[in-house]
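Participant: Take this sequence and fold it.
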Amino acid sequence: MKSCTLSVVMPNYNHRRYLAEAILGIAAQSRPPDEFLVLDDASTDDSVRVIEPFLDQFPFMRLIRLERNGGVLAANEWLVAEARGDYLFFAAADDIRMPGFFQRAMAMAEQYPQAGLICGGVSLIDEADRHLGYFGVQKWAEPLYADPQRFLEEYLLTEVPSHSLSCATIYRRDAFLNVGGYRSELGSWADSFVIRAIGLKHGICYVPMEAVRARMLAQSFSHQTVAQPRRLLDIIARAERLMQSEEFRDVFPAGYARRWARSYRYRTVRDFFLGPEPAGGRRASFLIRNFRRLPRLLPALALWCYRGDSSIHARRAQR
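Facilitator: Numbers count the residues shown, from 1 in each chain. From the prediction side, this is the model:
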């Protein structure tokens, strides 16, 4: 039986500080990738100088350099076109991959070739590597393959609407391309949409381990979206419309898109109104916390009435 091949693709823009750790976390896995493509998206720091010594150390690693910055979605589209593996893993240049994940995940890929993707658990860390939390799939404590119906019942209908293990997900290449890959109009939620579509078509494998430590940086693509609730509501509206489109109406169950969007919109507006808790120190009283929220009341009501821009014809990133 032919072994499955794994391509790891990693876009980088000005992440010099984290690059060495990110690269070693991939290249030094007990089951290393068959191909490791790093795309430097016209960094203005000395990222390339950090990357270059690893090219001699790991012959399966290759560097692609762009002269003009195109953004993370365009970079990933370029990398997918270059990659040749049966499976794809999209690696962030500021995250840490944990030992053993590729070995366990690819063993499951060979055991369950019908699965469209393989996911692990994710730890969240801050810029100083402090642990912020861990999340996986609540109902799954053992390694397993979940067929589309089980994926729906025990994941999509159980976890919060924003739940995503995208930074710890390996995609079967043909399944990824079959659902159209990342959609630029979905912004930072493009990977989470793909996971849902693939899982509902092919089912998924789950490895219950800390696969990735993901850094929560203020300048990150996903954090900037969450920090702008109106933009997030636009993405929710576009994802809902896409789920209900002719292309995906046979993939997403009837009623799921509306239920998911309603729940996600509610949580987005609620989180905006509640605001962040102050870091450190003693927590303010209930009355004081709510008094501080009063200036956000009218903007929150405006957000609640906003249905979002549901246009799904945004220009696709060009290679």
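
Participant: how far away is Cys167 from Ala211?
Facilitator: 8 Å (Cβ to Cβ, to the nearest Å). Yep, even glycine has a C-beta here, placed from its N, CA and C like the rest.

Participant: same thing with Glu142?
Facilitator: 15 Å.

Participant: if you go through this structure in chain order, where are the strands?
Facilitator: For the chain, the strands defined by DSSP state E cover 6-12, 35-41, 61-66, 87-90, 96-97, 117-125, 131-135, 144-146, 169-172, 204-215.

Participant: need those strands in TSV with mean neighbour count, can you?
Facilitator: Output for the strands of the chain, formatted as TSV (neighbours: other Cβ atoms under 10 Å):
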stretch	mean neighbour count
strand 6-12	25
strand 35-41	23
strand 61-66	16
strand 87-90	25
strand 96-97	23
strand 117-125	22
strand 131-135	11
strand 144-146	18
strand 169-172	25
strand 204-215	23
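
Participant: right, and the ones you listed - which one's nearest Ser263?
Facilitator: Counting by Cβ to Cβ, Ser263 lies closest to strand 131-135 out of these; the figure is 17.1 Å.

Participant: List the neighbouring strands of that closest one plus their orientation.
Facilitator: According to DSSP bridges, strand 131-135 forms sheet pairs with strand 117-125 (antiparallel).

Participant: Taking strand 204-215 as reference, get the angle to the partner strand.
Facilitator: Taking axes from the mean of the first three to the mean of the last three Cα atoms, to 10 degrees, one finds strand 117-125 and strand 204-215 inclined to each other by 20 degrees.

Participant: just to revisit the earlier point, between Cys167 and Ala211, which contacts overlap?
Facilitator: Counting by Cβ atoms under 8 Å, 6 or more residues apart in numbering, the residues touching both Cys167 and Ala211 are Val122.

Participant: Which residues are in contact with Pro276?
Facilitator: Pro276 makes contact with no residue under the criterion Cβ under 8 Å, 6+ apart.

Participant: Compute the distance between it and Ala300, please.
Facilitator: 14 Å.

Participant: any idea how far Ala261 is from the closest residue to Val194 other than its chain neighbours?
Facilitator: Distance criterion Cβ to Cβ, 6 or more residues apart in numbering; nearest residue to Val194, sequence neighbours excluded, is Val179 at 5.9 Å. The gap separating Val179 from Ala261 is 19 Å, by Cβ to Cβ.
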